[in-house]
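Participant: After the sequence you'll find the predicted model.
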Amino acid sequence: MLVVDGLTCRFGTKAAVDNASFAVPPGSFVGVIGRSGAGKSTLLRMINRLAEPTAGRILFEGVDVTALRGRDLRQWRARSAMIFQQFNLVGRLDVLTNVLMGRLAGIPSWRSLIQLWPEEDKALALSALEQFDVASLAAQRADQLSGGQQQRVAIARALVQEPDIILADEPIASLDPRNTRIVMDALLRINKHFGITVLCNLHSLDLARNYCDRLIGMSAGRVVFDGAPAALTDQIARELYDLEANEVMGSASEDATAGVDVPALGAAEAA
Amino acid sequence: MSKLPAAQTTELRARYPQVFDRPVSARLATPVMLLAAIAIFVFGLVHLGFSPARMLGGMHQLGWISMMMLPPDPGSSLPLYLKALGETLSIALLGTTLAAVLSLPVSLLAAKNIVPSNIFRFPVRRFFDAIRGVDTLIWALVWINVVGLGPFAGVLAIATSDFGAFGKLFSEAIEGADRKQVEGIRASGGNALHEIRFGLLPQVLPVIAGQVLYFIESNTRSATIIGIVGAGGIGLQLAEQIRVLEWQKVSFLILMILVAVAAIDWISSKLRFAIIGRRAVA
């Protein structure tokens, strides 16, 4: 159980996230929706502790995550795997090494620094890549891959962290509709087959309605909606998105959001 | 083709007076600046005793020296010169490598994205500036007094002055690195060393390698100069031959240096492309 309690983050006088409170039971697929600048990214970054909260607490299974330091903090970061809009892979490292970065918190520093990866970690990384059909690219430089391939590598990196939660910060914002579908299906598969909680920032309301069991709506840093997708009426959506409402509600429906049935393991489309 | 309407000069003149009647100060600014610059230049020439007569008088001396240089001929000293050239190349290579190896860890401390605190970063940056502010030649004279004449002093001289230069260049390369890639490592649970090793180094290594290669190239020339003040290598031979007016040997030595610099230039450009190429660095 992830509990966010009165979480606030201020940059100067502006509150990026203002007194956010909610609880996420294990295994949920939660979509965080709202306009650009509503505080969705900051919220996810605070949970992974990439951003420091100004006030409030984050609890995971009773442990106060906001108080963690040093080794414990690194292990928490591994347990709450981040997926980024811009993938955040190291461009000049090969794909396999990028995925192995997900094992850093688990093995002694001297081993990882001289790249003496344990056999089973390499096997784990390769099998994660295989699940998303990118194992054949293992020896290539990450910056030579297409956006969709890079995001699948990033998901593989998140998966080998053996996380309890995956925090996906606008994972599909840099992708075309086909890759959007592949990446969202991958997240859904991870959620349903491995029971990993997914917290996913989404700009598109259609995607959020199709993939998530629960939506958290944010506006100007505050949580203004929390409930099942069915409970999100058009009127609330309009308030949430204001002028952008027509744009986010209508457009993406043609080919990115057709199905919500859980795809089988290893069934991702080839790139 | 359309015909432009005739311009209403007087009317436009009244509406945009500043275009037609520019103030005297604005009109005179350029010629005055130009005259001032010429005056300063002429004053400098006069003050430093520049005399066309002496130039012309020395011109036939220059022609004489050039004549004496032909054909270039090492006499019986070719093996000695080759050894000296090898020494110069080793001074450049060892000095630059030493400087790069020493300054890389220190340059991390001078980079804003590694050490955000101004108070800690400032002394490191000033330290680099101070070392860089003293020329290689001066460092050579200092080290000759410390460790004695010879190539060892040359290596130390190049290592010292380039330590300062590399410190600045490396820290700037590190500051230019993409933050997102480093963040990817941090978010996966890496510590500060992992962030540097896997997030930063792969990004900056090609830049750093290019800079080191260029410095090896340029230091081959510097190593010649510091040889003249006694730090060993081919510069020492060159200075001696000029002193005893053996112009054929001088021209031969100059040709040797030119060939060596061209060869290093060629090798380093090959290496540079191999390093920044499309291969994964791990």
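Facilitator: Happy to help now that I have it.
Participant: what about residue 130, which helix or strand?
Facilitator: By default, I'm working from chain A. Taking DSSP states H and E as the criterion, residue A:130 maps to helix A:119-131.
Participant: You answered for a different chain; I wanted chain B.
Facilitator: Going by DSSP H and E, residue B:130 is in helix B:118-133.
Participant: Just give me how far the very next helix or strand once past that helix sits from the chain centre.
Facilitator: Per DSSP H and E, the first helix or strand lying C-terminal to helix B:118-133 is helix B:136-147. Offset of helix B:136-147 from its chain centre (C-alpha atoms, centre = their mean, to the nearest Å): 19 Å.
Participant: hmm, back to that, touching chain B at all, the helix holding residue A:130?
Facilitator: No - contact of helix A:119-131 with chain B (C-beta under 8 Å from any C-beta of the partner chain) is absent, the minimum separation being 12.1 Å. For every residue, glycine as well, the C-beta is placed using N, CA and C.
Participant: What number of residues are in the vicinity of residue 6?
Facilitator: Just going to use chain A. For residue A:6, the neighbour count with other C-beta atoms under 10 Å in any protein chain shown is 12.
Participant: Chain B, not that one
Facilitator: By other C-beta under 10 Å, 6 other residues sit near residue B:6.
Participant: Name the SS class of it, please.
Facilitator: Three-state call for residue B:6 (DSSP: H, G, I helix; E, B strand; the rest coil): coil.
Participant: Quick one: low-confidence residue ranges for chain A.
Facilitator: Low-confidence segments of chain A (pLDDT under 70): A:243-271.
Participant: Can you list the helices and strands that the biggest helix by length in it packs against?
Facilitator: The helix spanning the most residues in chain A, taking DSSP state H as the definition, is helix A:177-194. In this structure, helix A:177-194 makes packing contacts with strand A:29-34, helix A:147-160, strand A:165-169, strand A:197-202, helix A:205-211, judged by 3 or more C-beta pairs under 8 Å, 6 or more residues apart in numbering or on different chains; DSSP states H and E.
Participant: that older thread, mind listing what's buried along the helix holding residue B:130?
Facilitator: Judged by neighbour count (16 or more other C-beta atoms under 10 Å in any protein chain shown), helix B:118-133 contains these buried residues: B:121, B:124, B:125, B:127, B:128, B:131, B:132.
Participant: For those residues, give me a markdown table that also has distance to chain A.
Facilitator: As requested, these are arranged in a markdown table below (distance: C-beta to the nearest C-beta, whole Å):
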| residue | distance to chain A |
| --- | --- |
| B:121 | 21 |
| B:124 | 24 |
| B:125 | 27 |
| B:127 | 27 |
| B:128 | 26 |
| B:131 | 29 |
| B:132 | 29 |
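Participant: could those go into a markdown table alongside pLDDT?
Facilitator: Formatted as a markdown table, these follow (pLDDT from 0 to 100):
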| residue | pLDDT |
| --- | --- |
| B:121 | 90 |
| B:124 | 91 |
| B:125 | 91 |
| B:127 | 92 |
| B:128 | 92 |
| B:131 | 91 |
| B:132 | 90 |
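Participant: average pLDDT across stretch B:245-258?
Facilitator: The average pLDDT for stretch B:245-258 rounds to 89.
Participant: now what about it, what contacts it?
Facilitator: B:65, B:68-75, B:77, B:81, B:85, B:88, B:220-221, B:224, B:234, B:237-238, B:241-242 (C-beta atoms under 8 Å, 6 or more residues apart in numbering or on different chains).
Participant: From the residues you listed, keep the buried residues only.
Facilitator: For the contacts of stretch B:245-258, buried by 16+ other C-beta under 10 Å: B:69, B:74, B:77, B:81, B:85, B:88, B:220, B:224, B:234, B:237, B:238, B:241.
Participant: check which helix or strand covers the residue nearest to residue A:236 when sequence neighbours are not counted.
Facilitator: Sequence neighbours aside, residue A:225 is the residue nearest to residue A:236 in space, at 5.8 Å (criterion: C-beta to C-beta, 6 or more residues apart in numbering or on different chains). For residue A:225, the element it lies in under DSSP H and E is strand A:222-227.
Participant: Quick one: work out the angle between that strand and strand A:29-34.
Facilitator: 140 degrees (axes from the mean of the first three to the mean of the last three C-alpha atoms, to 10 degrees).
Participant: How far away from the center of its chain is strand A:222-227?
Facilitator: Counting by C-alpha atoms, centre = their mean, strand A:222-227 is centred 19 Å from the centre of its parent chain.
Participant: residues of it that come out buried?
Facilitator: Within strand A:222-227, the residues scored as buried using 16+ other C-beta under 10 Å are A:223, A:225, A:226.
Participant: mind putting the residues you listed in CSV, distance to residue A:15 included?
Facilitator: Compiled in CSV, the buried residues of strand A:222-227 are given as follows (distance: C-beta to C-beta, whole Å):
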residue, distance to residue A:15
A:223, 13
A:225, 18
A:226, 19
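Participant: Among these, which one sits closest to residue B:154?
Facilitator: residue A:223 (68.1 Å; C-beta to C-beta).
Participant: ok, now how distant is that closest one from residue A:32?
Facilitator: Residue A:223 sits 9 Å away from residue A:32, going by C-beta to C-beta, to the nearest Å.
Participant: Could you say which helix or strand holds residue 74?
Facilitator: Went with chain A since none was named. Going by DSSP H and E, residue A:74 is in helix A:70-79.
Participant: on that earlier part again, and of the helices and strands packed on helix A:177-194, who's closest to residue B:57?
Facilitator: Going by C-beta to C-beta, the one of the helices and strands packed on helix A:177-194 nearest residue B:57 is helix A:147-160, 71.6 Å.
Participant: Report the contact partners of the most centrally placed residue in chain A.
Facilitator: Computing the C-alpha centroid of chain A and ranking residues by C-alpha atoms, centre = their mean puts residue A:168 first, at 1.3 Å. Going by C-beta under 8 Å, 6+ apart, residue A:168 touches A:44, A:82, A:83, A:187, A:198, A:199, A:200, A:201.
Participant: Now the buried members of the residues you listed.
Facilitator: A:44, A:82, A:83, A:187, A:198, A:199, A:200, A:201.
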